Each structure stands twice: as structure tokens, then as C-alpha cells.
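Student: Just need the structure, nothing else, for what follows:
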Amino acid sequence: MTVDPRFPLIWDANNAAVLEPSPDLRLRDIERVLEPELRAAGASFEHVEVWETSPESPALREMRTWGARSRPDLVMVREPDAGPPKASSVAVREITEPDPAFWPWFRNSLMEFEETSSNEVLDQLVARTRAVFVPAGLRWFVAFVDGAMAGFTSLLSLDGVGYVDTVVTMPQFRGRGVGAATVARAIEASIDSADRALFLLTEEQNPARRLYERLGFRVRAKVESFTRPLGN
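Tutor: Predicted structure coming up:
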């Protein structure tokens, strides 16, 4: 369980995750622990992620009836023998110290995701990135096309495990190899850091899955996540 009253509108900052097989787990067992913490943090929703969906639990079956189910995510892990990615003609540069112009551009890039539609959510996502993820070592690999920032991939490595976080190509630069170039650069950085494993999450129906497969990632698991207003 994770709660953070600084960011009450961000679902993955205030949620519960089931990480191990729990065939007897019931929804009331989760809510008994989670709901008081969510209310104390000022969250207005209930979000639960199930990272181990076999065997099914009563809690999982109950949550599937909520009617507010998100599309499943796939956990993709890069194969150890995949080797370094191929070089790209797209220029990619690591941004180690984002300047003031970077943050409005980053905020704008988050509008490409459905769940970040409101200004309040966008503001909290940026604030959390700056307050939590950057101090934890988040790295940015930004593609430049005709001198403009065209997209980026971010990488966070903790205890020898790398996580490819946000992958964004700005709309006017799509179809030009930006995503492949930035993800490849993040892979190289993970290899250079001697990460034992590298993984990412992507929606099950996301066309980017084919890109990730070309870069050596393979599906290892499926995550089902559920969100509904708190108290319903």
C-alpha cells in the first residue's frame, strides 16, 4: 500500500497492490486497510492493482464488477541476451539538469495520456516527478528533431533493476523513429549501469508493444488495475 497526501489526485501514489498469489483474498480485506489511509491522505478514489492474477481471488472477481476497470497492462522484461540496440539516426541527448524551459514541455507531454486530463492532475504529476523521482535518480533521454525536443524516455534504476518509465513522442514528430531512439538510449544506459534486469509496462492493446518486442522486451505478466470513487 502507498499513500502520499502531497499528491491526492494521482492514483498510483495512493493505492494498494497485490503482488503475490492470494487465492483467499477478499476485497473487504484490502479496503479495511486501504480506505482509512486514503481518506487521511485526501484521496477521492480507490485504486487497486493486481500483479498476480493466477490463481484468481475473490477480491479480483469482485473488482471486475466495479464497472471502472482500466485496460490491462503488460509487464515486459528485456531478454538478457538481447544485446545492445541498433544505432539510430535520431539525435538523443541525456538531460541531466533540466532547465526552466524543460518543465512546461514535460508537463505538456503528459497530456498525451488519457488519465492526465485536468490541470490539477498535471500539476501534481510534475510536482511528484520533481520531488520524488528526480532525487531518486530518474534519467531523461530526449530526442531532438530539427533542433526541437521531439520526445523522451525516462529511466529509473533502483537496486540493480531498471524501469523504463514514461515514453512519449510529441504528435508532430510521430512516425520518425523518435520512440525507438529514446527507448534504445535508455536501454544502453541501463546496460552501462549494470542493471540485472530492465522492465516496462504497456497497455495490452498499445501498438508500441511491437516496438518494445523489436528492442528485446518480452511479456512476462499481466497487471489488472481498478479505480472507482472512494466510498462507493
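Student: tell me the SS of the residue nearest in space to the middle of the chain?
Tutor: When CA atoms, centre = their mean is applied to the chain, the residue found nearest the centroid is Asp165 (4.9 Å). When classified by DSSP: H, G, I helix; E, B strand; the rest coil, Asp165 comes out as strand.
Student: For it, list the residues it contacts.
Tutor: Contact partners of Asp165, counting by CB atoms under 8 Å, 6 or more residues apart in numbering, are 133, 138, 153-156, 200. C-beta coordinates here come from the backbone N, C-alpha and C atoms, glycine included.
Student: if we take these, which one ends up nearest to Met111?
Tutor: Ser154 (16.3 Å; CB to CB).
Student: what about the closest residue in space to Arg130 that isn't next to it in sequence, how many neighbours?
Tutor: For Arg130, ignoring the flanking residues on the chain, the nearest one in space by CB to CB, 6 or more residues apart in numbering is Trp103 at 7.6 Å. When neighbours are counted by other CB atoms under 10 Å, Trp103 registers 13.
Student: quick one: buried residues of whichever strand or helix holds Val77?
Tutor: Using DSSP states H and E, Val77 sits within strand 73-78. Neighbour counts over strand 73-78 (16 or more other CB atoms under 10 Å) mark 73-78 as buried.
Student: where does this structure have low pLDDT?
Tutor: 68-70, 114-117, 232 (pLDDT under 70).
Student: what ranges do the strands span in it?
Tutor: Using DSSP state E, the strands of the chain run over 16-18, 45-50, 73-78, 91-95, 139-145, 148-158, 161-169, 197-203, 217-229.
Student: Please work out which residues outside the longest one touch it.
Tutor: Translated: strand 217-229. With CB under 8 Å, 6+ apart as the criterion, strand 217-229 contacts 11, 44-53, 60, 63-64, 66-70, 72-79, 199-201, 204.
Student: if we can go back for a sec, as CSV, the strands of the chain with distance to Leu34 would be great.
Tutor: Listed next are the strands of the chain as CSV, based on distance: least, CB to CB, whole Å:
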stretch, distance to Leu34
strand 16-18, 5
strand 45-50, 7
strand 73-78, 20
strand 91-95, 36
strand 139-145, 32
strand 148-158, 24
strand 161-169, 24
strand 197-203, 21
strand 217-229, 12
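Student: and of the ones you listed, who's closest to Arg32?
Tutor: Closest approach to Arg32 among those (CB to CB): strand 16-18, 10.8 Å.
Student: Pull the distance from the closest one to the chain's centre.
Tutor: Computed by CA atoms, centre = their mean, to the nearest Å, the chain-centroid distance of strand 16-18 equals 15 Å.
Student: likewise stretch 149-167?
Tutor: 9 Å.
Student: Equivalent analysis for stretch 178-194, please.
Tutor: 16 Å.
Student: Ok, stretch 165-182 next?
Tutor: Stretch 165-182 sits 16 Å away from the centroid of its parent chain (CA atoms, centre = their mean).
Student: quick one, helices of this structure?
Tutor: 27-41, 58-63, 102-109, 119-128, 178-192, 208-214 (DSSP state H).
Student: Adding distance to Val142, write those helices out as JSON lines.
Tutor: Output for the helices of the chain, formatted as JSON lines (distance: least, CB to CB, whole Å):
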{"stretch": "helix 27-41", "distance to Val142": "33"}
{"stretch": "helix 58-63", "distance to Val142": "38"}
{"stretch": "helix 102-109", "distance to Val142": "8"}
{"stretch": "helix 119-128", "distance to Val142": "16"}
{"stretch": "helix 178-192", "distance to Val142": "7"}
{"stretch": "helix 208-214", "distance to Val142": "18"}
